[in-house]
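In: okay, sequence plus prediction incoming.
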Amino acid sequence: MSYYLTKSINISLDNKNPLAKICKATGLKPAEVKSVALHKQSVDARNKNDLHFVCSFVIDTEKFPKNATPYTYPTDVFQTDKPQANGSCIVVGSGPAGLFLALYLAQRG
């Protein structure tokens, strides 16, 4: 089962393996963690002497970890089984919303 860590973890810029910090935040042992996937990452540069990443992870484990919630993978909104409409439409505007709508309608036929 996959879980999303609700607690952000600070990782130094040179740390390649954050498993120890993840295990400390969740209360799990390294052997109990099947896999770890980076969900979100940003750089905290407020203090120039302490640059670090602020990361959120999705972990796969059988045991329910602390500071985590069950994770459901997002679905693609373009992958629907709805029938396509037979008609025409006009997209007014070429800003971000208009271009996205035109792309969506072109993909839907």
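Out: Thanks, I have it. Numbers count the residues shown, from 1 in each chain.

In: from here on, contacts and neighbour counts on C-alpha atoms
Out: Noted.

In: all strands of the chain, in order?
Out: Ranges of strands within the chain are 2-5, 9-12, 33-44, 52-61, 68-70, based on DSSP state E.

In: run through who's touching stretch 51-62.
Out: 1-13, 32-45, 71 (C-alpha atoms under 8 Å, 6 or more residues apart in numbering).

In: sorry, back to before: so which of the strands of the chain is nearest residue 94?
Out: When the strands of the chain are compared by C-alpha to C-alpha, strand 33-44 sits nearest residue 94, at 30.6 Å.

In: alpha carbons of that closest one, as CSV, please.
Out: In CSV, the C-alpha atoms belonging to strand 33-44 read as follows (Å, rounded to 0.1, in the frame of the first residue of the first chain):
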residue,chain,number,x,y,z
VAL,A,33,10.0,0.2,3.3
LYS,A,34,9.5,-1.4,-0.1
SER,A,35,10.0,1.7,-2.2
VAL,A,36,10.3,5.5,-1.9
ALA,A,37,9.2,8.0,-4.6
LEU,A,38,9.8,11.7,-4.5
HIS,A,39,6.5,13.5,-4.7
LYS,A,40,7.4,17.2,-4.3
GLN,A,41,10.7,19.0,-3.9
SER,A,42,11.6,22.7,-3.4
VAL,A,43,14.6,24.6,-2.2
ASP,A,44,14.6,26.5,1.0
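
In: and the angle for that strand with strand 52-61?
Out: Interaxial angle of strand 33-44 relative to strand 52-61 (axes from the mean of the first three to the mean of the last three C-alpha atoms, to 10 degrees): 160 degrees.

In: tell me the strands beside strand 33-44, with direction?
Out: strand 52-61 (antiparallel) (DSSP bridges).
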